[in-house]
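Novice: only geometry, no sequence info:
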């Protein structure tokens, strides 16, 4: 019975656009408890055929939980789900797929060591990536929707954008009538986003339903037909995003009016002695799948923010390791700080000089998940804050420092003894940024400072970075988010395949130009 | 005369390699599903003693081998209950399983120590088995030697050519993604661990039924650990495990002959080390490409999986 839904092609758009037919999917009073929190509180939602429906909310608003319930990864405590008018029970992802629900995950659920075709085969009911018919079908679909893919490639070789195409093609292979996309653009270049949107509009016009989860307000206004807004696990509003402004959507999402980052752009004189100079840096990647750096040069002056844009996997990790000192350079004079060669100085030595670092990975690199906040403060700040005397830790002082950070950066936590793991992404990131800023660095290097962070925390972090630069420190921000880079940096450079472009003042360039550079079109943009 | 020595050397190399091949192939499948079972030595011992007892009491080679496999699988089931069901640490549980196997096999085999048993029958194909050199090597082995080759080919085919093998590898690489696609991660791992146990049990059975057809306490003598090392140093690839097992078997026999010849002035202790060192050095040298290691190594190995974690 349930397989009927997947084999029936979606109805043509003309049949459904006008009349309010039976909703494709109807949720009624879906509730899900987790220990200590109510993730979904009587959520009701109707999804119509042929619409792109936005699910909007801050981190922790319950979007992911709701999607997992829809896809059968988790089960609701109470509430009903109706599919095409019939009540259904979705105990596992297999049932969801049989109904015709497809999912494109935020953190790709691909198997890196397997080929594209194997990855697709795994999600289907049978066969392997060696079947000629499957390979043919992948090629046909990817051609039809303009999602260029080579079925024989191993996934680890693919760029993030290509991986997303694999996910989408894998999802389309099952001919779904509802496609759930969890923050699909967070890793794409502007050009790739445009292409994704045209694919999504096409899928909608075929009569499919798309549930689009995001907290990027402009995108939702560009793409979506309707929006449902979640806050604290509840549906707080439902609206037509095309007639709203980003500001009004943000206000609905966070429940109060929202002004964005508060600081003016740092006033950089554009002159003065560079604080950090990198000249001709070439460095092997630490991991076999990383990208090596080729002849990278950059400089940062005191009081300015240098933005480094680029799609993930183009050498950012190698560059960050080289700048932070986590991997030392082959030659000492390739990196100079305040005129001194520091290429062969390790991470601790560079921290002593006043270079602090916020890594991309919050849990496990920026903090130890199972250690408390004061212990995490100790780990990076023990030398600059003098938290260790004659080999012994002064616990009281570490706690005091952690509490200062918590207070100054408005970190919502159960106090300085809370484990880092227990904080939400945004709050942990505020803690980590705050910890590095309060060490009064001369240079702060931050990687993806607001990745996956809710709008309120992101604004606070961006403000803090700009204020740090205004107080006279240099700041390097590596990010994929162009809006962010244009908002906070004075100059922006682009990293592609281990090469770094010349930097340009942000007032003298455009997002389109930087987007071209991010796609590797160095000539076309210059 | 030279031909005779050569063929007896070749036969003894195969005998020395066969138990390693069984145990390593079983462990390969378990590890490819993401489970590190360090209890191979214990499972081999338990398989060896039960196979010996059943062989002695019933006189049936087939029943004896089946008993060895069942005993290995039973030990593996215990490991699976603890690590997959109760989420115990795999390393600690595997070590405990080895210690348990040493004790259990000594207890079960107490009254059988030193009793001889007729070895498993060798194949005999008319005149073919009498061809010099080739005859005894190709046509004169017992069933388990042929089975070990069939298993190697079977495991390679299963892992890289079948859907079930693809699913197993996907579980070993990323159990959370496999779960979100809808594969029963725990059940797949359970099957892989049981297979690994059964193969270790057969490897043990070969030791007590054919290699030295008798039971002696601790007679596996570290072969379980060698099998574990082979899997890792062969970077989880069946053909390299076969190569490693035969390299090790070959060097073991070669150094025995060198000791026996009495013409070489190297202390026996050093010669004893050669197979271990040389096998590891060779496998490391042929497998040092970091990218290929990452492509073959099961990324989730040794990590406890819980659907909600």
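Specialist: Perfect, thanks for sending it. Not measured: the values here are computed from a predicted model.
Novice: Contacts only, for residue A:360.
Specialist: Taking C-beta atoms under 8 Å, 6 or more residues apart in numbering or on different chains, we find residue A:360 in contact with A:316-317, A:320, A:366, A:447-448, A:451, A:478. Quick note: C-beta positions are derived from backbone N, CA and C, even for glycine.
Novice: Flag the shaky bits of the chain, pLDDT-wise.
Specialist: Reading this off chain A. Scanning chain A for pLDDT under 70 picks out A:1-21, A:36, A:59, A:106-108, A:186-187, A:256-272, A:288-289, A:521-526.
Novice: Chain B was what I was after
Specialist: Scanning chain B for pLDDT under 70 picks out the ranges B:1, B:308-309.
Novice: repeat that for 80
Specialist: B:1-4, B:123-138, B:261-264, B:283, B:286-292, B:294, B:307-309 (pLDDT under 80).
Novice: and it, which residues reach chain A?
Specialist: Within chain B, the positions lying close to chain A (C-beta under 8 Å from any C-beta of the partner chain) are B:161-163, B:166-167, B:169-170, B:173-174, B:176-183, B:290-291, B:294-296, B:299, B:308.
Novice: Give me the subset of those residues lying in helices.
Specialist: Per DSSP state H, helices hold the following members of these: B:161, B:163, B:166-167, B:169-170, B:173, B:176-181, B:290-291, B:294-296.
Novice: Only the buried subset of the residues you listed, as a PyMOL command please.
Specialist: Typed into PyMOL, the line below selects the buried ones among those, using 16 or more other C-beta atoms under 10 Å in any protein chain shown:
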select buried, chain B and resi 163+166+167+169+170+173+176+177+178+179+180+181+294+295+296
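Novice: Name the residues of whichever helix in chain B runs longest that come out as buried.
Specialist: In chain B, with assignment by DSSP H, the single longest helix is helix B:2-32. Of all the residues in helix B:2-32, those buried under the rule 16+ other C-beta under 10 Å are B:7, B:9-32.
Novice: which element is the residue lying closest to residue B:295 once chain neighbours are set aside on?
Specialist: Leaving aside its chain neighbours, residue B:295 sits nearest to residue A:113 (4.8 Å; criterion: C-beta to C-beta, 6 or more residues apart in numbering or on different chains). Assigned by DSSP states H and E, residue A:113 belongs to no helix or strand.
Novice: what's the neighbour count on residue A:113?
Specialist: 20 (other C-beta atoms under 10 Å in any protein chain shown).
Novice: now swap in residue B:280 and tell me
Specialist: 18.
Novice: quick revisit: pretty sure the residue nearest to residue B:295 is touching residue A:156, no?
Specialist: Yes - using C-beta atoms under 8 Å, residue A:113 is in contact with residue A:156, at 6.5 Å.
Novice: picking up where we left off before, give me the next element, helix or strand, following the longest helix of chain B.
Specialist: Sequence order places helix B:40-58 as the next helix or strand after helix B:2-32, per DSSP H and E.
Novice: what's the angle from that following helix to helix B:2-32?
Specialist: 120 degrees (axes from the mean of the first three to the mean of the last three C-alpha atoms, to 10 degrees).
Novice: Does helix B:40-58 pack against any helices or strands, and if so which?
Specialist: Judged by 3 or more C-beta pairs under 8 Å, 6 or more residues apart in numbering or on different chains; DSSP states H and E, helix B:40-58 is in contact with helix B:2-32, helix B:61-80, helix B:90-109, helix B:185-206, helix B:223-233.
Novice: looking at those helices, which is buried most?
Specialist: Each of these was scored by mean neighbour count; the highest is helix B:185-206, a mean of 27, by mean count of other C-beta atoms under 10 Å in any protein chain shown.
Novice: could you say what helices and strands that one packs with?
Specialist: If you count contacts as 3+ C-beta pairs under 8 Å, 6+ apart, helix B:185-206 packs onto helix B:2-32, helix B:40-58, helix B:61-80, helix B:143-161, helix B:163-173, helix B:175-181, helix B:223-233.
Novice: circling back to that earlier point, now for the helices and strands packed on helix B:40-58, which one comes closest to residue A:515?
Specialist: Nearest of the helices and strands packed on helix B:40-58 to residue A:515, taken as C-beta to C-beta: helix B:185-206 at 40.0 Å.
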